[in-house]
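> pasting a predicted model and its sequence here:
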There are 2 protein chains.
Amino acid sequence: MQEIGKKAKAAAAIGNSLDINTKNNVLEALKDNLLKHRNEIFQANQKDIKNGIATSLSSAMLDRLTVTEDYLNNMVQGISDIINLPDPIGEILETKTLENGLLLKKVTVPLGVVGIIYESRPNVTIDAFALNFKAGNASILKGGKEAIETNIIFEKIIRETLENFQIDSNFVQLIKDVTRSSTTKLMKLNQYVDVLIPRGSQGLIDTVLLESTIPVIETGAGNCHIYVDESADLKQALIIIENAKLQRPGVCNAVESLVIHQNIAKHFIPELVTYLKEVQFKGDKIAVAIDSRIETATEADFYTEYLDKTLSITVVKDINQAIKHISQHHTGHSDAILTDNQVHADLFVEKIDSAAVYVNASTRFTDGFVFGLGAEIGISTQKLHARGPMGLKALTTYKYIVKGKGQIR
Amino acid sequence: MQEIGKKAKAAAAIGNSLDINTKNNVLEALKDNLLKHRNEIFQANQKDIKNGIATSLSSAMLDRLTVTEDYLNNMVQGISDIINLPDPIGEILETKTLENGLLLKKVTVPLGVVGIIYESRPNVTIDAFALNFKAGNASILKGGKEAIETNIIFEKIIRETLENFQIDSNFVQLIKDVTRSSTTKLMKLNQYVDVLIPRGSQGLIDTVLLESTIPVIETGAGNCHIYVDESADLKQALIIIENAKLQRPGVCNAVESLVIHQNIAKHFIPELVTYLKEVQFKGDKIAVAIDSRIETATEADFYTEYLDKTLSITVVKDINQAIKHISQHHTGHSDAILTDNQVHADLFVEKIDSAAVYVNASTRFTDGFVFGLGAEIGISTQKLHARGPMGLKALTTYKYIVKGKGQIR
């Protein structure tokens, strides 16, 4: 692992010197090479799928693992999107001349070496490399063991592409030891790794947060709430909740918990339960008393990111209680208020401490593409460095360049 | 400790709602109260000094601990500087209307709860509270046991000031259990603390980096280098090195290591050793062969932040070797090249991955006040969130506010 770290750091040493044409040409060539090697990719992926079936992976896991023609085309399109983004490096954020004549510039530079720890989805191998490379970073990738064959062929294609340009192929290194112990070693590689980004289940993220001595960007878990205020347009509320819950239940910006004002609860809850037939509701005592189709929720339910067609539901006496409930249970990802009351909307926006706070819209919009970042390395639920959808900019830092003529202090 | 965390989080919940006048009025009142209670402060400080003498603290430690009239006035002046800064909260960083009509705003908000772990200097108690409060953050402060009496009176004055404004006094909480175990507990308080900033010795910082499960901003250690290129103005070089080493040897932006081009080494090194009489030099073989007044350095010397009147010195064959040597040994704080060669200056600036990279100037300028940030909570030597001098902005994050009219995805 030390060797991998050392090689990554050596590659990253030229990251700040790569010009934008070189970076984009490499990414263009990577697109071609992925398509050219599609059969090898599908073959490798078939091995993973066979192993997955043999080891009884869930169908959801198998689904995430499978590389189809469409999936490959989407990955290639993703690289095109990254190519189209401006160079994030060398941007002058600030420039000033101090009183003593020193010229001070604050300029964006690569982060350096970025470690990504992820689970089944093999597209992360390509996405993460492409974003990191555009930002001048070297990637150390630790994918899931269930996708190892696919990841190995992806890494090979990337490395060959880099070699064709006489660029250090250690800009990408896949950790092929798929045991947990390699992850543990990676998390202690402070000397070489500048940041770790875990992508995957809450369990994975928690482990990295607890064990890593390297700075971590926490991503993902979204226990997203929608508060339906007394004055909400209830027809619209049904449509927004349906969208936020059902358009894609397995993603982090899907709604998991509803908070309903008591004055509309009696009317709205039965209507909602009827409207969302597919959804299983788990509610507090008041909700259950209003509609017997609702199961009784435990306190744990209100902390749960179901990632499924399940919704918890609680009834509150006013907006302050709603804010309190949400602040206590959410993960700081995305929360919404549905209201026609401007004062309540403003209060909610001021008080709810989440990466994205919505008024009268679905929580499903929290996304790098939607927010105009062009591409996304993940959604940060922490407050340091980057919050919410993270694009290329989150993969950079800056340095101060100070030019003088012999100034002393 | 759980209780402290809970209280801090409750206070921080109103941090985003504090208007700028309230914040500045509290800070103005704090200035008055500090001056009004000067005698109590000096008395408490005397207790710490007596304890320090009894426990044989070093004179440097005692010096850092001592609150004089001047020291107090400087602290008060520091608060004035913070009052004069614009409100860092509520700044709109970005605003756009998406195609579907959603109005997206990216707005600065407080970080939340900030833990500061520090050593002897009691002024940090006031500085850290004042900066954090201006940014709407609640502070949990763990100061050194040697300053506990002074810190207690400072905390009392801050809390009384807040109470006078009917503001939750838990915006500041000093941890009065000065054992290490309270620090350990603080470092695991993920549920309540958003970020930890250690300020002090490398040992303290390393411990926090290793043990904390909360995001940390690494501050401080500066193994700063100056490379004297072949074409440098050697008269100017003497003056710059003198300033960088001797103006204040105990600070993180003081130079610790010199890298000298071989073509000027024979001439320049003896001149330098003669010029800097007070300095103890430790050099590689070539340096020692040139000037026998130089002691032989160990490899560890080149990694050492002396914080003293000591300089390590190495001779290199060209700028590439200089860049390699510095990249291997520095801490990424501040490094300088002295040269008349524009190509070399540009190469150095491009390749050296430090928070501040200097051309023909002293490394001593890396400082929040000098860089125009107005005040400083520390100097970050990590790449996430904030790099180099950190001002008020480093104590904020942002959130996205998304306003719609029923949009769904």
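Structure's in. What do you need?
> any idea how many residues pack against A:Gln202?
13 (other Cβ atoms under 10 Å in any protein chain shown). (C-beta placed from N, C-alpha, C; glycine too.)
> distance of the residue lying closest to A:Lys188 once chain neighbours are set aside relative to A:Gln191?
Ranked by Cβ to Cβ, 6 or more residues apart in numbering or on different chains and with sequence neighbours excluded, the top spatial neighbour of A:Lys188 is A:Thr213, at 5.5 Å. Distance, A:Thr213 to A:Gln191, using Cβ to Cβ, to the nearest Å: 10 Å.
> same question for A:Ala355.
Distance of A:Ala355 to A:Gln191, computed by Cβ to Cβ: 31 Å.
> follow-up on the earlier one: what pLDDT does the residue nearest to A:Lys188 get?
pLDDT, A:Thr213: 89.
> ditto for A:Leu209
Per-residue confidence at A:Leu209 stands at 87 (pLDDT).
> in which helix or strand does it reside?
A:Leu209 belongs to helix A:202-211 when assigned by DSSP states H and E.
> quick one on the thing from earlier: more neighbours: which of A:Thr213 and A:Gln191?
Applying other Cβ under 10 Å to A:Thr213 and A:Gln191 shows that A:Thr213 carries more neighbours, namely 17 against 11.
> and what about the more buried one, helix, strand or coil?
Classification of A:Thr213 by DSSP: H, G, I helix; E, B strand; the rest coil places it in coil.
> that one against B:Leu210, yeah?
Yes - in this structure A:Thr213 lies within contact range of B:Leu210 using Cβ atoms under 8 Å: 5.3 Å.
> mind jotting down where the helices sit in chain A?
Using DSSP state H, the helices found in chain A span residues A:2-12, A:20-36, A:38-54, A:59-65, A:69-83, A:123-134, A:148-164, A:180-186, A:202-211, A:234-246, A:262-275, A:285-290, A:319-329, A:342-351.
> go through these and name the closest to chain B.
Set against chain B and scored by Cβ to the nearest Cβ, the helices of chain A come closest in helix A:234-246, at 3.6 Å.
> A:Gly372 contacts B:Thr97, correct?
No - A:Gly372 is not in contact with B:Thr97 according to Cβ under 8 Å; the separation is 10.5 Å.
> list residues touching both of these two?
B:Leu104 (Cβ atoms under 8 Å, 6 or more residues apart in numbering or on different chains).
> would you mind listing what in the stretch 301-409 of chain A touches chain B?
Residues of the stretch 301-409 of chain A found near chain B (Cβ under 8 Å from any Cβ of the partner chain) are A:327, A:345, A:349-351, A:353-362, A:364-366, A:370-372, A:382-385, A:387-388, A:397-409.
> which of these fall within strands?
Here DSSP state E is the test, and those give A:356-361, A:388, A:397-407 as lying in strands.
> give me the buried subset of those.
Among these, those classed as buried by 16 or more other Cβ atoms under 10 Å in any protein chain shown are A:356-361, A:388, A:397-404, A:406-407.
> on that earlier part again, for the helices of chain A, which one ends up most surrounded?
Greatest average neighbour count among the helices of chain A goes to helix A:123-134 (a mean of 26), per mean count of other Cβ atoms under 10 Å in any protein chain shown.
> elements contacting that one?
Contact partners of helix A:123-134 among helices and strands, from 3 or more Cβ pairs under 8 Å, 6 or more residues apart in numbering or on different chains; DSSP states H and E: helix A:20-36, helix A:69-83, strand A:113-118, strand A:138-142, helix A:148-164, strand A:172-174.
> so which of those gets nearest B:Ile152?
strand A:113-118 (42.6 Å; Cβ to Cβ).
> chain center to the closest one: distance?
Put simply, strand A:113-118 sits 13 Å off its chain's centre (Cα atoms, centre = their mean, to the nearest Å).
> and it, which strands flank it?
Under the criterion DSSP bridges, strand A:113-118 sits next to strand A:138-142 (parallel), strand A:195-199 (parallel) in its sheet.
> ranking those by mean pLDDT, which is last?
strand A:195-199 (a mean of 93).
> please save the CA atoms from that strand in PDB.
Output in PDB follows, covering the C-alpha atoms of strand A:195-199 (Å, rounded to 0.1, in the frame of the first residue of the first chain):
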ATOM      1  CA  VAL A 195      -8.400  13.200   0.900                       C
ATOM      2  CA  LEU A 196     -10.700  10.200   1.000                       C
ATOM      3  CA  ILE A 197     -14.100  10.100  -0.400                       C
ATOM      4  CA  PRO A 198     -16.300   7.100   0.500                       C
ATOM      5  CA  ARG A 199     -19.200   6.400  -1.800                       C
END
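> okay, angle between that strand and helix A:123-134 too, please.
For strand A:195-199 and helix A:123-134, the angle between their directions (axes from the mean of the first three to the mean of the last three Cα atoms, to 10 degrees) works out to 150 degrees.
> so how far is strand A:195-199 off the chain centroid?
10 Å.
> got the angle for that strand vs strand A:396-407?
Using the same axes, to 10 degrees: strand A:195-199 against strand A:396-407 is 170 degrees.
> identify the residues contacting strand A:195-199?
With Cβ under 8 Å, 6+ apart as the contact definition, strand A:195-199 has outside contacts at A:111-112, A:114-119, A:124, A:186-187, A:204-205, A:207-209, A:212, A:214-220, A:377-378, B:383-384.
> now do stretch A:7-20
Counting by Cβ under 8 Å, 6+ apart, A:87, A:89, A:109-110, A:112-113, A:135-140, A:167-171, A:173, A:192-193, B:327, B:350-351, B:353 sit against stretch A:7-20.
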